[in-house]
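Novice: Just need the structure, nothing else, for what follows:
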Amino acid sequence: MTTEAVPHLPFSASDATPGSGAVALASPRLHGVSSEAMVAALRAGGEPSRLRILTLLAEGDLTVKDLTGILGQSQPRISRHLKLLTEAGLVDRFPEGAWVYYRLADRGAVGALVGGLIAALDRADPTTSRDLERLAAVKRAHAERTAAYFAAHAGDWERLRSLHVEEARVEEAIRSILGNAPFAALLDVGTGTGRLLTLLADRYDRAVGIDASHDMLTAARSELDRAGLTRARVQQGDVHALGQPRDAFDVVTIHQVLHYLDDPGSAIREAARALRPGGRLLVVDFAPHALEFLRESHAHRRLGFAHADLARLMEQAGLELVEIRDLPPSPDRACGGDGALTVTLWLARDPRILVASDTHSKVTT
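Specialist: Numbers count the residues shown, from 1 in each chain. Here you go, the predicted structure:
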């Protein structure tokens, strides 16, 4: 999780307005669907309650509890609908501690088929409109709970933020070091409140945020809702075992996560595994410091990282170091009684090159 990325709530409870951003699955290319798969998809989704569920899941991740409140149906009935939709490949299921989140499947021809059908729905239809209004109320309640959580921890976060460079400078540096060129897929490891998913939303086609904390994922979902981002999703996961496909992402970010880990090298190797040939890994963390209270009171396992230490871990993961940038604190922060922290950015790339031919593609180094 990213502690310094929470200076204030970047949303209010009234900001959660599902439906303001249209479903991001419009205009899919419908081809390559077998007749059997199409019949199964249409049979599973072609029931009024299940179509309503699919429409709601196109707006973001929801639990059985959320859906029972919106649709006014019992938990067993909603669970049965979700089971059928999951078995048909229309919905994905993601356990998160004691909770289970569901989302609209976004892969393959069947996912495109369902996305096209949902995009064609009239959002002014009385049933759809009413469901979306109830969804807005549910998401406002989520945002209120998140606001209470952050309010309870505001003092600690404010103290940590005062120790290092302003977040605006860090975010500017992140965008700068990654460049202006768009890319297809982003993976944010330890996504925290999902700030990087929104910061880089104009650069990627799709994004996944991973975090171990249910509270942080709740905050991230509220942030994505506020921003109207349906191209990004978050899920619970382990930085040492991300559960993502190999060679699936163009950019992987690890923002203020490694100092919490006993084995940062393992996290870097796992991130490198998820990179496509030519993909880039960006690590943002603290330079070496001597603030022992961060270890004692805030669970920091490492008091920063030297340039060479992170570079070595990246090279051991098979990556090539591209650039290192240091962001020292401004003079007013550097004079603080607790000392000050420099934030460092390390950018590396996967040296493999994807070579295409007339008949196949292969990876070379």
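Novice: ranges for the strands of this protein?
Specialist: With strands called from DSSP state E, the chain shows them at 91-96, 99-104, 183-189, 204-211, 232-236, 249-255, 275-286, 320-327, 343-349, 353-356, 361-364.
Novice: does residue 269 really touch residue 315, like I thought?
Specialist: No: counting by C-beta atoms under 8 Å, residue 269 does not reach residue 315; the two are 11.2 Å apart. Bear in mind the C-beta positions are built from the backbone N, C-alpha and C, glycine included.
Novice: Same drill for the two, tell me which one is more crowded.
Specialist: residue 269 (17 against 13; other C-beta atoms under 10 Å).
Novice: And the more buried one, how far from residue 257?
Specialist: 14 Å (C-beta to C-beta, to the nearest Å).
Novice: which stretches of the stretch 151-300 of the chain have low pLDDT?
Specialist: Residue ranges of the stretch 151-300 of the chain with pLDDT under 70: 151-162.
Novice: Show me the domain layout of this structure.
Specialist: Here the domain parsing of the chain from automatic domain parsing is 20-122, 154-364.
Novice: where exactly do the helices run in the stretch 1-150 of the chain?
Specialist: Here the stretch 1-150 of the chain has its helices, by DSSP state H, counting those that start in this stretch, at 35-45, 48-57, 64-71, 75-87, 108-119, 126-161.
Novice: and the fifth one, what does it pack onto?
Specialist: Read that as helix 108-119. helix 35-45, helix 48-57, strand 99-104 (3 or more C-beta pairs under 8 Å, 6 or more residues apart in numbering; DSSP states H and E).
Novice: mind checking which of the ones you listed is nearest residue 231?
Specialist: Closest approach to residue 231 among these is made by strand 99-104 (12.2 Å; C-beta to C-beta).
Novice: one step back: got TSV for the helices of the stretch 1-150 of the chain, with distance to residue 189 too?
Specialist: Shown next, in TSV, are the helices of the stretch 1-150 of the chain (distance: least, C-beta to C-beta, whole Å):
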stretch	distance to residue 189
helix 35-45	33
helix 48-57	25
helix 64-71	26
helix 75-87	26
helix 108-119	24
helix 126-161	20
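Novice: need those in CSV with mean neighbour count and distance to residue 218, can you?
Specialist: Below are these laid out as CSV (neighbours: other C-beta atoms under 10 Å; distance: least, C-beta to C-beta, whole Å):
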stretch, mean neighbour count, distance to residue 218
helix 35-45, 15, 28
helix 48-57, 20, 17
helix 64-71, 19, 12
helix 75-87, 16, 20
helix 108-119, 20, 25
helix 126-161, 16, 6
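Novice: Neighbours of the spatially closest residue to residue 142 that is not a sequence neighbour, how many?
Specialist: Leaving aside its chain neighbours, residue 142 sits nearest to residue 222 (5.5 Å; criterion: C-beta to C-beta, 6 or more residues apart in numbering). Neighbourhood size, residue 222 [other C-beta under 10 Å]: 27.
Novice: swap in residue 324?
Specialist: Around residue 324 there are 16 residues (other C-beta under 10 Å).
Novice: Can you verify my assumption that it contacts residue 307?
Specialist: Yes: contact status for residue 324 versus residue 307: in contact at 5.4 Å, counting by C-beta under 8 Å.
Novice: so what sits against both of these two?
Specialist: Jointly contacting residue 324 and residue 307 under the rule C-beta atoms under 8 Å, 6 or more residues apart in numbering are 344, 346.
Novice: Packed most tightly, which of the strands of the chain would that be?
Specialist: strand 249-255 (a mean of 26; mean count of other C-beta atoms under 10 Å).
Novice: And it, what does it pack against?
Specialist: helix 167-178, strand 183-189, strand 204-211, helix 264-273, strand 275-286.
Novice: Which of these sits closest to residue 240?
Specialist: Between those, helix 264-273 lies closest to residue 240; by C-beta to C-beta that is 4.8 Å.
Novice: angle of that closest one against strand 275-286?
Specialist: 150 degrees (axes from the mean of the first three to the mean of the last three C-alpha atoms, to 10 degrees).
Novice: which of the residues in helix 264-273 are buried?
Specialist: By 16 or more other C-beta atoms under 10 Å, the buried positions in helix 264-273 come out as 264-273.
Novice: mind putting the residues you listed in a markdown table, distance to residue 350 included?
Specialist: Formatted as a markdown table, these follow (distance: C-beta to C-beta, whole Å):
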| residue | distance to residue 350 |
| --- | --- |
| 264 | 18 |
| 265 | 17 |
| 266 | 18 |
| 267 | 16 |
| 268 | 12 |
| 269 | 12 |
| 270 | 13 |
| 271 | 10 |
| 272 | 7 |
| 273 | 10 |
